[in-house]
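Chemist: got a predicted model here, sequence first, then my questions.
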Amino acid sequence: MASARTKNERTETSDYAHAAALRLAVVRIYRALRIHADRKITPSQVSALARIEREGTVRVGVLAQLEGISPASMSKIVDSLEQLELVDRVPDSLDGRASVIQLSTGGLEFFFEIRSASTEALEVVISSLSDDERLLLEQSLPILEKISETLQVK
């Protein structure tokens with residue numbers, strides 16, 4: 001009985017309620033944005049493309065660590081992206097025995113198309129907000145970025 005009471009008490013706190021509401025909103029936004037993305041690749045593949053775009057070139061093991069998944073899982077993701085001709089494996093300039101991953105020209109174009117579609121979808125929604133709502137959103141962005149960065153740290 002004590003654990004149920006603790007759980008009930010926790011659900012009544014405003015921080016917990018805010019966390020639950022934020023989680024639900026983020027999930028719903030994510031799902032809606034997936035509709036605007038090309039469905040021929042998975043969310044994990046999109047995430048890997050975004051990370052590769054940000055890093056430039058990266059080893060599979062480092063990419064796995066940055067994404068918080070096993071190297072074996074990341075290797076499968078990279079293999080599938082390579083089959084789709086979205087990434088290229090090139091020799092590592094520091095260690096010729098190893099290779100690094102980079103976006104192919106087609107992969108870069110594809111990634112920018114996905115990102116543009118999602119950004120445009122958000123732009124439409126944001127433009128429909130009132131001036132006060134847009135100001136609140138603008139003021140909230142640094143907090144949301146901080147939450148995102150904090151959750152990325154393991």
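Modeler: Good, I have the coordinates.

Chemist: surely residue 89 touches residue 100?
Modeler: Yes. Counting by Cβ atoms under 8 Å, residue 100 is a contact partner of residue 89 at 7.3 Å. (Glycine included, C-beta is placed from N, CA and C.)

Chemist: between the two, which is the more surrounded one?
Modeler: A count of neighbours by other Cβ atoms under 10 Å puts residue 100 above the other of residue 89 and residue 100, at 21 against 14.

Chemist: distance check, residue 60 against residue 152.
Modeler: Distance, residue 60 to residue 152, using Cβ to Cβ, to the nearest Å: 19 Å.

Chemist: I meant residue 140, not that one.
Modeler: Distance, residue 140 to residue 152, by Cβ to Cβ: 18 Å.

Chemist: rewinding a little: when residue 60 and residue 152 are compared, which one has more neighbours?
Modeler: residue 60 (20 against 10).

Chemist: was I right about that one contacting residue 101?
Modeler: Yes. Counting by Cβ under 8 Å, residue 101 is a contact partner of residue 60 at 6.3 Å.

Chemist: quick check: neighbours shared by the two?
Modeler: Listed contacts common to residue 60 and residue 101 are residue 78; contacts here mean Cβ atoms under 8 Å, 6 or more residues apart in numbering.

Chemist: what are the boundaries of the strands in this protein?
Modeler: 57-58, 87-91, 99-103 (DSSP state E).
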